[in-house]
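Chemist: I'll drop the sequence and a predicted model, then ask my questions.
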Amino acid sequence: MTANDALNINSPAGVDEFLSQHGSDWLWAVTAIYAISFIGLLILSFTARASERVFHYIFTFALLVGAVTYFAQASDLGWSAVGQAVQLGYGQSRQIFFAKYINWVVAFPSLILALGLLSGVSWTTIICNVSLSWYWILTYLAAAYTTTNYKWGFFTFGTFAWIILAMSTLNESHESASLLGVGRDYIMLSGWLNVLWLLYPVAFALSDGDNRIGVTSSFIFFGILDVLMVPVLTFAFLILARNWDFGKLNIAFSEYRGVRQGGTPLKEEAVSATDDVAPSP
C-alpha cells in the first residue's frame with residue numbers, strides 16, 4: 001500500500017478518463033503550497049500595521065479556499081462523471097472537478113479586488129470586473145458539463161468576458177494607478193496576472209473542453225497556473241507594498257474605525273463639540 005491511498009478510498013469507479021495516482025500526488029503537493037502560504041501570510045498579518053492589512057485579509061481567504069479545494073481534488077473528491085461528445089472519438093465519460101471552479105470563483109475576484117484597490121479605480125469598476133470574472137468562470141463550468149459541441153458557445157461567451165476584463169485591468173486601471181504613483185508596480189502585477197489568464201482558456205480547451213489531454217495532465221497545467229497566480233502574486237503584492245503609501249492610496253483601512261488618528265473617539269468628539277455651543281436664547 002502506498003502512502004497516498006486516496007484513490008483506493010475514493011475510487012473513481014465507472015469513469016473512463018480519471019485522475020491517476022501521480023496526479024493525486026501532484027495535487028497534494030499543490031495543497032501543501034497553498035496551506036504553507038496561508039500559514040505564512042496569517043503570521044505576517046499579525047506583524048503588519050492594522051491600517052496596512054487589507055491585502056493580507058484578501059489573500060488569506062483566497063489561499064484558504066485554494067487549500068481546501070486542492071485538498072478535495074487530491075482526495076479524488078469534488079467531481080462528477082460527464083459524458084463526452086461521441087463525435088470527438090474519446091472516452092465515454094470524464095471526471096470534471098467542480099471544486100476547481102469553486103477555487104476560481106474566489107481566487108479571481110480576490111486578485112481583481114486587490115488590483116482595484118491598488119489602482120484607485122471606482123467601486124463600480126471593481127464590481128463590474130468581479131462580475132465579469134464570475135461570468136467567465138461559470139460559463140466555462142457550463143461548457144465543461146455540456147456533452148455536445150454546444151459547449152463551445154459557452155466557451156466563447158466566457159472568453160469574451162475575459163477579453164473585456166483584460167482590457168480593464170491593463171488599460172483603465174493602469175492609467176488610474178499611474179496618477180497615484182504606483183503605475184510601475186501595478187503593471188508588473190496586472191501584467192503577470194493577465195499572462196496567466198491568457199493560458200486559462202488554452203488549458204480549458206485542451207482539458208475539460210475538448211478532452212485532448214487527460215485529467216492528470218490538465219491538473220499539472222492548472223496547478224502550475226494556480227500556484228503562479230495566487231501564492232506567488234500574494235507575496236509579490238506584500239513585497240511591493242512595503243514601498244506604498246497606504247494613506248495616499250486611500251487604502252489605510254483600520255479596525256479602529258471610530259477613532260481618529262489622535263486617538264479621540266468620534267462620538268466623544270461630537271459630544272464635546274455640541275457642549276461647546278451655547279444654547280440660543
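Modeler: Perfect, I can see it now. Here the structure is a predicted model, which is why all the values come from computation and not from measurement. Numbers count the residues shown, from 1 in each chain.

Chemist: Residue 49 versus the spatially most central residue of the chain, what's the distance?
Modeler: With distances taken as C-alpha atoms, centre = their mean, residue 107 lies nearest the centre of the chain, 1.3 Å away. As judged by C-beta to C-beta, to the nearest Å, residue 107 and residue 49 stand 26 Å apart. Every C-beta, even on glycine, is put in place using the N, C-alpha and C of the backbone.

Chemist: one step back: what does the pLDDT read for the residue nearest to the centre of the chain?
Modeler: At residue 107, the pLDDT value in this model is 98.

Chemist: tell me what the helix or strand hosting it is packed against?
Modeler: Using DSSP states H and E, residue 107 sits within helix 98-119. Here helix 98-119 touches helix 54-74, strand 79-83, helix 123-144, helix 173-179, helix 183-204, helix 215-229, going by 3 or more C-beta pairs under 8 Å, 6 or more residues apart in numbering; DSSP states H and E.

Chemist: the inter-axis angle of it versus strand 79-83?
Modeler: 110 degrees (axes from the mean of the first three to the mean of the last three C-alpha atoms, to 10 degrees).

Chemist: for the stretch 101-250 of the chain, which spans come out with low pLDDT?
Modeler: Nowhere does the stretch 101-250 of the chain drop to pLDDT under 70.

Chemist: now with 90?
Modeler: 148, 172 (pLDDT under 90).

Chemist: Buried deepest among the helices and strands packed on helix 98-119, which one?
Modeler: helix 54-74 (a mean of 22; mean count of other C-beta atoms under 10 Å).

Chemist: How far away from the center of its chain is that helix?
Modeler: Relative to its parent chain, helix 54-74 has a centroid offset of 8 Å by C-alpha atoms, centre = their mean, to the nearest Å.

Chemist: Also stretch 145-161?
Modeler: Worked out by C-alpha atoms, centre = their mean, stretch 145-161 lies 21 Å from the chain centre.

Chemist: still on that earlier bit, list the contacts of the residue nearest to the centre of the chain.
Modeler: Listed by C-beta atoms under 8 Å, 6 or more residues apart in numbering, the contact partners of residue 107 are 62, 65-66, 226, 229-230.

Chemist: can you put those residues in JSON lines and add distance to residue 41?
Modeler: Formatted as JSON lines, the contacts of residue 107 follow (distance: C-beta to C-beta, whole Å):
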{"residue": "62", "distance to residue 41": "10"}
{"residue": "65", "distance to residue 41": "13"}
{"residue": "66", "distance to residue 41": "12"}
{"residue": "226", "distance to residue 41": "16"}
{"residue": "229", "distance to residue 41": "15"}
{"residue": "230", "distance to residue 41": "11"}
